[in-house]
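Participant: just coords:
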Ligand SMILES: Cc1ncc(COP(=O)(O)O)c(C=O)c1O
């Protein structure tokens, strides 16, 4: 166990006077993860755009920027409303990475542009580009667009699709059509592209919950690399040749920092989840991060020998349904969920290993499977530094925001 990691005895002492459940962040681990991730970028000339959806806490987003210094540049935001909130909080250079077709969002985007905020939004269709451009023109502003290029691996002539299902823009010509549609009404302009290679960045290849699939995952990740590199480069050079000025060429995520930061066509790479290192991010062969975000439940019942039932805990993660989306009992070491109940809405039974005893009211410590989703269950995060509590910070939810 690394020196910055908390033991069960540390957690028990720190949480002794806390109400449970309680979410907490070990800042020493958070900082160590940040240093590791920024060090991957060293010498590449690339900057990191921090994915706010994976933190959902303005204070910790600020801390990530402080730790990154010049290597941290820009936020990858997940909604227009969130971008507006972040600008009010003093954040700058915000890319909303998911498209919108809602008039209310267009209004917010126009307001941001009118205030001179550097906010851009992902767009992947001519229709959406035209609508945004018309809204921008009506408001007398230019909305900045970033075209999302599909980076999935599509072997067998496209019969298989390995990656996320998001954009239909795959070639330079597809992207140029979106750029031209934006230009036509004059209220929007393409300033960049985003190519998210999810089948590398978001696919853990040492997943203990489905070991049999790991060799296939490794293969997909390796096969994707030359394909992603070649296609991203081809889209970028085609757009530049056709006079589209690309300020942002974004790619990647925590799981592909090493690969994406060495892709010459990118100007930047995204990362967010690695700061908290939820348990799904402990299963990548190319990452060595330290668990930093946790939640503690109270052991309130003792239904069998070597078993406790905790209050709450059913904080299941999004994505492909499976056992790996459940929270992971972390401390005391060796604690496990039961197969039949999993993590429950109000009660979560946990099996304890031999020799571990827990008293009524003691905490059981868990890790969420994903990063930002944990914060949607808690109003605040208890911060721990040097193995002691040092304060609380509000989550987005704690500030009264539920953006998505
Ligand atoms: C567009 C985009 N880029 C990057 C990421 C990766 O973020 P993280 O580093 O939190 O895994 C995601 C995650 O879903 C994403 O949707």
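Facilitator: All right, it came through fine. Please read all numbers here as calculations on a predicted model, not as lab measurements.
Participant: which residue does the stretch 101-250 of the chain bring closest to the ligand?
Facilitator: Using Cβ to the nearest ligand atom, the closest approach of the stretch 101-250 of the chain to the ligand is made by residue 196 at 4.0 Å. All C-beta spots, glycine's among them, are computed from the backbone N, C-alpha and C.
Participant: which residue sits closest to the residue of the stretch 251-400 of the chain found nearest the ligand, ignoring its sequence neighbours?
Facilitator: Closest approach between the stretch 251-400 of the chain and the ligand, counting by Cβ to the nearest ligand atom: residue 253, at 2.6 Å. Excluding the flanking residues, the one nearest residue 253 by Cβ to Cβ, 6 or more residues apart in numbering is residue 201, at 3.4 Å.
Participant: please verify my assumption that that neighbour contacts residue 255.
Facilitator: Yes - between residue 201 and residue 255 there is a contact at 4.3 Å, judged by Cβ atoms under 8 Å.
Participant: tell me the bridge partners for residue 248.
Facilitator: Bridge pairing for residue 248 (DSSP bridges) gives the partners residue 192.
Participant: how close does it get to residue 180?
Facilitator: Residue 248 is 19 Å from residue 180, where distance means Cβ to Cβ, to the nearest Å.
Participant: so the two - more neighbours on which side?
Facilitator: Using other Cβ atoms under 10 Å, the more surrounded residue of residue 248 and residue 180 is residue 248, with 20 against 14.
Participant: quick one: pLDDT of the more buried one?
Facilitator: If you check residue 248, the pLDDT there is 98.
Participant: try residue 2
Facilitator: With respect to pLDDT, residue 2 scores 71.
Participant: can you map out the helices along the stretch 251-400 of the chain?
Facilitator: 257-260, 273-276 (DSSP state H, counting those that start in this stretch).
Participant: and those helices, which is most packed in?
Facilitator: Comparing those by mean neighbour count (mean count of other Cβ atoms under 10 Å), helix 273-276 ranks first with a mean of 29.
Participant: how about that helix against the ligand, any contact?
Facilitator: Yes - on the criterion Cβ under 6 Å from any ligand atom, helix 273-276 is in touch with the ligand at residue 273.
Participant: quick one: contacts of that helix?
Facilitator: By Cβ atoms under 8 Å, 6 or more residues apart in numbering, the residues outside helix 273-276 that reach it are 25, 30, 33-34, 36-37, 51, 54-55, 60, 64, 253-254, 257, 280-281, 287, 289, 292-293, 370-372, 374.
Participant: how about the residues of the stretch 51-200 of the chain near the ligand?
Facilitator: 51, 54, 76, 97, 196.
Participant: and the first one, backbone torsions?
Facilitator: Residue 51 has phi and psi values of phi -80, psi 100 when expressed as degrees, to the nearest 10.
Participant: pull up the gap between the residue nearest to residue 253 and residue 87, please.
Facilitator: 26 Å.
Participant: do residue 404 as well
Facilitator: Distance, residue 404 to residue 87, using Cβ to Cβ: 17 Å.
Participant: cool, residue 222 as well?
Facilitator: Applying Cβ to Cβ, the value for residue 222 to residue 87 is 40 Å.
Participant: which of these two has more neighbours?
Facilitator: Neighbour count, other Cβ under 10 Å: between residue 222 and residue 87, residue 87 has more, with 21 against 12.
Participant: got the contact list for the more buried one?
Facilitator: Counting by Cβ under 8 Å, 6+ apart, residue 87 has contacts 94, 112, 115, 117, 119.
Participant: sorry, back to before: inside strands: which ones of the contacts of helix 273-276?
Facilitator: 25, 51, 293 (DSSP state E).
Participant: beta partners of the first one?
Facilitator: Per DSSP bridges, residues listed as beta-bridge partners of residue 25: residue 293, residue 383.
Participant: is it correct that it is in contact with residue 381?
Facilitator: Yes - with contact defined as Cβ under 8 Å, residue 25 reaches residue 381; the gap is 5.1 Å.
Participant: joint contacts of the two?
Facilitator: Residues touching both residue 25 and residue 381 (Cβ under 8 Å, 6+ apart) are 60, 293.
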